[in-house]
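Trainee: got a predicted model here, sequence first, then my questions.
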Amino acid sequence: MESYLNQNFDVKAKHSSEEEALEKWRNLCGVVKNPKRRFRFTANLSKRYEAAAMRRTNQEKLRIAVLVSKAAFQFISGVAPSDYTVPEEVKAAGFNICADELGSIVESHDVKKLKFHGGVHGLACKLKASPTEGLSTTDPSHLSQRQDLFGINKFAESELKSFWLFVWEALQDMTLMILGVCAFVSLIVGIATEGWPKGSHDGLGIVASILLVVFVTATSDYRQSLQFRDLDKEKKKITVQVTRNGFRQKMSIYELLPGDVVHLGIGDQVPADGLFLSGFSVVIDESSLTGESEPVMVNAENPFLLSGTKVQDGSCKMMVTTVGMRTQWGKLMATLTEGGDDETPLQVKLNGVATIIGKIGLFFAVVTFAVLVQGMFMRKLSMKTHWIWSGDEALELLEYFAIAVTIVVVAVPEGLPLAVTLSLAFAMKKMMNDKALVRHLAACETMGSATTICSDKTGTLTTNHMTVVKSCICMSVQDVANSNGGSLRSEIPESAVKLLVQSIFNNTGGEVVVNKLGKTEILGSPTETAILELGLLSLGGRFQEERKSCKVVKVEPFNSTKKRMGVVIELPEGGGRLRAHTKGASEIVLAACDKVVNSSGEVVPLDEESVNYLNVKINEFANEALRTLCLAYMDLENGFSPDEAIPASGFTCVGIVGIKDPVRPGVKESVELCRRAGITVRMVTGDNINTAKAIARECGILTDDGIAIEGPVFREKSQEELLELIPKIQVMARSSPMDKHTLVKQLRTTFDEVVAVTGDGTNDAPALHEADIGLAMGIAGTEVAKESADVIILDDNFSTIVTVAKWGRSVYINIQKFVQFQLTVNVVALIVNFSSACLTGDAPLTAVQLLWVNMIMDTLGALALATEPPNNELMKRLPVGRRGNFITNAMWRNILGQSVYQFIVIWFLQAKGKSVFGLDGPDSTLMLNTLIFNCFVFCQVFNEISSREMEEIDVFKGILDNYVFVVVISATVFFQIIIIEFLGTFASTTPLTLVQWIFSIFIGFLGMPIAAGLKTIPV
């Protein structure tokens, strides 16, 4: 079976979503009772093809519009734009431009129209907004007017399906519809021959069973849809930095309005259409919208920013002009019909299992019906009444047909692929509470098979709360952590203090602002915050004064490939003097220096002795697990053009700072837990190798037999050297994004590992995409990184990654437990009814009883077993890896062992039951069949408990932690008593004696020691 499944029902969790592979397994899926329900959580390929065509059309239209408008501008510079009349309702609200006009300016890249309205500042005035202070929202009525006229920043969403729609979909089950017809015919014939109400019992019994199955199924499906809806809402929670009411603040993108001033940086997604206000080196990737792979430079000459595009480089402020469904992105999203997520590998595999067993079940159902009908005809032939048919005989024939259909109901394990969805929905909801947001369903499964985690250091293994604790400024070491505010300033020459303050406050991606409460607040990455704190507190600098005194000419934001950032400023003394400041990885910036500021504040050549001294200090800081940054400057005597790159050498070293970023509590224990679970943890960082090694040892990642390597050394290695080296690598320092990508690709392809990778920057996107599971950081991560990831770690904590791995294993094993349980019921129900029909000409389990059994094993079984929470024992097993079989030998052993036991018991009761229990009289067969049905159900109840563990004998451990399991088992037993004792008329049962009840429970319970014995058999 496994080889057939791998050949025909194998799709990869990632890297494979070719529509051919998805189409292939759908075509092979036969014997589907309810396509609407079975394929609800699979991608709608026809809609997807349709959506792709629409996307291409829209992108082409937009691309041509942009190119035409740009070309046309060259020729129409002398033509005046047509007059624009402000609509009355817009004027009445106090605005001087309407939403349509705003939309047309940005969407068409219409520079002429923009100039006509007075440029960006003119539009801000017409929108009653300020380019520096943003919107004023003090008046609520004014805010609602703005929303009414210009719209809100939300896209059209599909409506939530009602509960009754799920009921309707559950009724689409072909077998239930056939049974419904049988019930209707049974009612008509029964009432015609036996009168009301006696003749209606069989038909009403089937109808009641169908309704029960439908409502239980619909309730389960509806709850799942609500869980997915909640998760979708979480996925869409995106915040941006906005200046509103004069204060910079974090705000949801859905609260943005035209006139808002948004701050964008590398990796951000543009949240609405807008216009560039100020910024440097802004490069935008518009491929998601226009299909153009060539990035676009955005500046004062080309100020148009489109919603849905990504900031590839630089940073800027933009003013929002158009929001929501008025933006091109909104229109594109509305045009695209949701194609749905790709189905997960387990969903496809279990569709394959359901298909195989369904075909077998269909064959058995046809044969069972043929045997029962043949037996009836032979009986009538022997009595010579084959031409005379009574109503009772017609009902008997109908009952045979109903039994055959119900065998198909039980035999086709429609619940298998749906159990995957149920388990994944449950896990995703719980993981959300554990600070992990799953973006792609398949990641839940794949994470359970992970064999390697490649983790970032900063913010994942460490707390990301950084402070400068040591410095080596002007060739002398200072302990910043123990110095009082301003004391560091007194130890450094005044000229060096001025240089440092100038460098810190101008060459930064952060900002110092005054918040609503009037307190000074530092915004920016933890590294920038630490450096700005040094400038404010230890050096006594004033951020706003320093920024106003210097004019910024060019900014080169931090880049993980160059590992440094730079700025060129015009000095305040006048005369147009220019100075470049740079800061970044200590070794890299120091290598770009040829001078140094000495202890007297003088600039002297950087000789070999000074270089060695500074390198020793860098290594000393690094060995204390400090991140080191070097700050340097250069006076640009020969002038500088903003189009040029900032020089790469010739700098003067001012100093080196050591930043402490403590290891997160619990990381060491989590790394040890991973090691015991067979998961290798590797640290991949851009930091200095000595800092990385110190932190890795503290976390327990770097062991005596492991290797720490630098990115530049790693990328020079040949393929043969990598084969020997990669298994030993535990730390990679000074790595570039491509080094990370290469390591992940080698581990996946050459070593067949299942790799999870963490990332937070835009440049991590290739590695996140290449990995089997991409884990983006929720706090430090950029929108580009999050979009490329499968799971978002909301608290940026390594321990949460281990929790995700635990949940992944739990999902995988829970589904295995359910498959084992369901296949056992399938096998026994099939064989019992088939063999009984063949040998006795009668089926012991009626249609109503089989429907009840189907509900126990399908919906209720999935609820009980597929929602088992994870336990610590899961992390003591080795991972499944890439090549593990889903239906293991241990599962086959348990399935076959239990099936044989249950079949022997039921067959014994059929053969000897009447004599053992002294049953005689007209109701003896009914009582025996009731006893068989009761024993069969209790066998399933105790088998469900045994299925909680596939290898362990103690199946009661932690049973009370899963209240769903306890409720399902209790409800099954309760309703079984009701069916036997009170619903006999409808379910073809009769009340049992106390001895018979005890016997039924004992027979069921006896399956547990047998299951325990089976687990001791090695496979």
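Mentor: Happy to help now that I have it.

Trainee: CA only for contacts and neighbour counts going forward, please
Mentor: Fine.

Trainee: how does this structure divide into domains?
Mentor: Listed domain ranges for the chain are 86-153+256-332, 345-426+805-1016, 436-462+664-796, 467-660 (source: the TED database).

Trainee: and among those domains, the most buried is which?
Mentor: Among the domains of the chain, ranked by average contacts under mean count of other CA atoms under 10 Å, first place goes to domain 436-462+664-796 (a mean of 21).

Trainee: need the distance between the two termini of it.
Mentor: Taking CA to CA, to the nearest Å, the first and last residues of domain 436-462+664-796 lie 9 Å apart.

Trainee: next one: that domain to chain centre, how far?
Mentor: Domain 436-462+664-796 sits 18 Å away from the centroid of its parent chain (CA atoms, centre = their mean, to the nearest Å).

Trainee: got it, and stretch 255-262?
Mentor: Its chain's C-alpha centre and that of stretch 255-262 lie 29 Å apart, by CA atoms, centre = their mean.

Trainee: hey, C-alpha coordinates of it in PDB?
Mentor: Provided in PDB are the C-alpha atoms of stretch 255-262 (Å, rounded to 0.1, in the frame of the first residue of the first chain):
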ATOM      1  CA  GLU A 255      -6.800  51.900  10.400                       C
ATOM      2  CA  LEU A 256      -4.900  53.900   7.700                       C
ATOM      3  CA  LEU A 257      -6.600  56.900   6.000                       C
ATOM      4  CA  PRO A 258      -5.700  59.200   3.200                       C
ATOM      5  CA  GLY A 259      -3.400  61.900   4.700                       C
ATOM      6  CA  ASP A 260      -1.600  59.600   7.200                       C
ATOM      7  CA  VAL A 261       2.200  59.700   7.100                       C
ATOM      8  CA  VAL A 262       3.700  56.200   7.100                       C
END
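
Trainee: quick one: pLDDT of residue 40?
Mentor: pLDDT recorded at residue 40 is 60.

Trainee: ok, and the closest non-adjacent residue to residue 528?
Mentor: residue 510 (5.7 Å; CA to CA, 6 or more residues apart in numbering).

Trainee: picking that back up, out of the domains of the chain, flag the one nearest residue 242.
Mentor: Checking the domains of the chain against residue 242 by CA to CA gives domain 86-153+256-332 as the closest, at 4.5 Å.

Trainee: dump the residue contacts of residue 587.
Mentor: Residues in contact with residue 587 (CA atoms under 8 Å, 6 or more residues apart in numbering) are 615, 630.

Trainee: cool, and the one 4 residues further on?
Mentor: By CA under 8 Å, 6+ apart, residue 591 lies in contact with residue 649.

Trainee: I'd assumed residue 349 was in a helix, is it?
Mentor: Yes - counting by DSSP: H, G, I helix; E, B strand; the rest coil, residue 349 is located in a helix.

Trainee: do you know how far it is from residue 808?
Mentor: Distance from residue 349 to residue 808, by CA to CA: 17 Å.

Trainee: if we can go back for a sec, export the domains of the chain to TSV and tack on distance to residue 180 and mean pLDDT?
Mentor: Shown next, in TSV, are the domains of the chain (distance: least, CA to CA, whole Å; pLDDT from 0 to 100):
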stretch	distance to residue 180	mean pLDDT
domain 86-153+256-332	45	87
domain 345-426+805-1016	9	85
domain 436-462+664-796	35	89
domain 467-660	64	89
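
Trainee: just give the closest residue to residue 696, not the sequence neighbours.
Mentor: Using CA to CA, 6+ apart, the closest residue to residue 696 is residue 702 (5.2 Å).

Trainee: helix, strand or coil for the one you found?
Mentor: coil.

Trainee: quick one on the thing from earlier: now for the residue nearest to residue 528: which residues touch it?
Mentor: 522-525, 528-529, 532.

Trainee: residue 758 too?
Mentor: Residue 758 neighbours (CA under 8 Å, 6+ apart): 453-456, 768, 774-777.

Trainee: does residue 682 sit in a helix, a strand or a coil?
Mentor: Once three-state DSSP is applied, residue 682 turns out strand.

Trainee: was I right about it contacting residue 728?
Mentor: No - applying CA atoms under 8 Å as the test, residue 682 and residue 728 come out as separate, 9.8 Å apart.

Trainee: could you list the alpha-carbon positions for stretch 540-551 in PDB?
Mentor: Listed in PDB are the C-alpha atoms of stretch 540-551, where the atom choice follows Å, rounded to 0.1, in the frame of the first residue of the first chain:
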ATOM      1  CA  GLY A 540      25.000  63.500  26.700                       C
ATOM      2  CA  GLY A 541      24.100  64.200  23.100                       C
ATOM      3  CA  ARG A 542      20.900  65.900  21.900                       C
ATOM      4  CA  PHE A 543      19.300  64.000  19.000                       C
ATOM      5  CA  GLN A 544      17.000  66.600  17.500                       C
ATOM      6  CA  GLU A 545      19.600  69.400  17.700                       C
ATOM      7  CA  GLU A 546      22.200  67.200  16.100                       C
ATOM      8  CA  ARG A 547      19.900  66.100  13.300                       C
ATOM      9  CA  LYS A 548      18.800  69.700  12.500                       C
ATOM     10  CA  SER A 549      22.400  71.000  12.500                       C
ATOM     11  CA  CYS A 550      23.500  68.600   9.700                       C
ATOM     12  CA  LYS A 551      22.000  68.200   6.200                       C
END
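
Trainee: thinking again about what came up before, which residues are in contact with the residue nearest to residue 696?
Mentor: Neighbour list for residue 702: 693, 696, 708, 730-731 [criterion: CA under 8 Å, 6+ apart].

Trainee: need phi/psi at it.
Mentor: phi -90, psi 120 (degrees, to the nearest 10).

Trainee: now the contacts of residue 510 in a markdown table, with distance to residue 746?
Mentor: Shown next, in a markdown table, are the contacts of residue 510 (distance: CA to CA, whole Å):
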| residue | distance to residue 746 |
| --- | --- |
| 522 | 41 |
| 523 | 38 |
| 524 | 35 |
| 525 | 31 |
| 528 | 34 |
| 529 | 36 |
| 532 | 40 |
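
Trainee: okay, residue 971 and residue 141: tell me how far apart.
Mentor: 55 Å.

Trainee: sorry, back to before: looking at the contacts of residue 510, which is nearest residue 875?
Mentor: Among these, and counting by CA to CA, the member closest to residue 875 is residue 525, at 34.3 Å.

Trainee: so what's the closest one up against?
Mentor: Counting by CA under 8 Å, 6+ apart, residue 525 touches 509-510, 780.

Trainee: before we move on, what about residue 533?
Mentor: Per CA under 8 Å, 6+ apart, neighbours of residue 533: 467, 522.

Trainee: please enumerate residues in contact with stretch 191-209?
Mentor: By CA under 8 Å, 6+ apart, stretch 191-209 touches 179-180, 182-190, 391-392, 847-848, 851-852, 985-988.
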